[in-house]
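>>> The following block contains a protein sequence and its predicted model.
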Amino acid sequence: MKRQLQTVVYGAVLLASLASLSACAPLIVGGAVMTGVVATDRRTAGTQVEDESIEIKVASAVRSEMGDRIHLNVSSFNRQVLLTGEVRTAADKERAEKLAQSQENVKAVVNDLAVMPISSLTQRSKDVVLTSRVKAAFVDAKDLQLNAFKVVTERGTVYLMGRVTSREAKRATDITRSMSGVTKVVRVFDEISEEDLQRLSRPTK
């Protein structure tokens, strides 16, 4: 009886601790850390929300029509959509692109779906690890702002998205290419000038 009571008390304390942590912990949405408001980002707050909505709508539209004929990853940055994964036929690849283009607020679509067998869970796990390593390398670099980039990895190919200067684009690309396990780097950047960067970096009043 005493042991059962201790277990109940411990469980209550643990739940209270978790509740306390969750109350002050940041919310992670689409790779960006949110703290009750949209996190610091080079996109406008409205564009960040649109990108999240675009990813959901495109994925839903494609998967509802194609089901398990496709392994699809949808990434949107500044309303530019990147499609990665595998499809069984060229017709499926073309159809996925049209479905993506038909969604509201989509500015452009980069279709890098591969016509090949669906990738294994082992490969996808490796890709997740590689994405994490690339992000960690950007943080270590000190001269790059991680939240300016979106990193996607598919079968060892690393896709870099973001609103960045040519200097930042080159630096991020060089770092990524130097990492073991990276077979290719694809840049899907929305390039800005150094003057634009300075303006975007100014604190809002």
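Perfect, I can see it now.

>>> And for Lys93, the neighbour number?
Number of residues near Lys93 (other C-beta atoms under 10 Å) recorded here: 19. C-beta here means a position set from N, CA and C on the backbone, and glycine is covered the same way.

>>> which element follows the helix or strand containing it toward the C-terminus?
Here Lys93, judged by DSSP states H and E, is contained in helix 90-101. On the C-terminal side of helix 90-101, the closest following helix or strand by DSSP H and E is strand 108-111.

>>> List the buried residues of that following strand.
Within strand 108-111, the residues scored as buried using 16 or more other C-beta atoms under 10 Å are Val109, Val110, Asn111.

>>> After that strand, heading C-terminal, what element do we hit next?
That would be, after strand 108-111 and using DSSP H and E, strand 114-115.

>>> The next helix-or-strand element following that following strand - what's its average pLDDT?
Once strand 114-115 ends, the next helix or strand along the chain (criterion: DSSP H and E) is helix 121-141. Averaging pLDDT along helix 121-141 gives 97.

>>> how about helix 121-141: buried residues?
Arg124, Lys126, Asp127, Leu130, Thr131, Arg133, Val134, Ala137, Phe138.

>>> which strands and helices sit next to it?
For helix 121-141, the elements it packs on are strand 149-154, strand 157-164, helix 166-177, judged by 3 or more C-beta pairs under 8 Å, 6 or more residues apart in numbering; DSSP states H and E.

>>> Out of the ones you listed, which is closest to Arg88?
strand 149-154 (16.3 Å; C-beta to C-beta).

>>> The closest one vs helix 166-177, what angle?
When axes from the mean of the first three to the mean of the last three C-alpha atoms, to 10 degrees is applied, the directions of strand 149-154 and helix 166-177 differ by 30 degrees.

>>> still on that earlier bit, of all the residues in the helix holding Lys93, which ones are buried?
Quick answer for helix 90-101 (16+ other C-beta under 10 Å): Asp92, Lys93, Arg95, Ala96, Glu97, Leu99, Ala100.

>>> cool, stretch 142-162 as well?
144-155, 157-162.

>>> need the contact list for Ile192.
Neighbouring residues of Ile192 by C-beta atoms under 8 Å, 6 or more residues apart in numbering: Arg42, Arg163, Val164, Thr165, Leu200.

>>> Filter the residues you listed down to the buried ones, PyMOL style.
To isolate the buried members of the contacts of Ile192 in PyMOL, using 16+ other C-beta under 10 Å:
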select buried, resi 42+163+164+165
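
>>> Make CSV from the contacts of Ile192 and add distance to His71 and pLDDT to it.
As requested, the contacts of Ile192 are exported to CSV (distance: C-beta to C-beta, whole Å; pLDDT from 0 to 100):
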residue, distance to His71, pLDDT
Arg42, 30, 91
Arg163, 28, 94
Val164, 28, 96
Thr165, 34, 96
Leu200, 35, 84
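
>>> As JSON lines, the contacts of Ile192 with distance to Ser60 would be great.
Formatted as JSON lines, the contacts of Ile192 follow (distance: C-beta to C-beta, whole Å):
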{"residue": "Arg42", "distance to Ser60": "27"}
{"residue": "Arg163", "distance to Ser60": "26"}
{"residue": "Val164", "distance to Ser60": "29"}
{"residue": "Thr165", "distance to Ser60": "34"}
{"residue": "Leu200", "distance to Ser60": "32"}
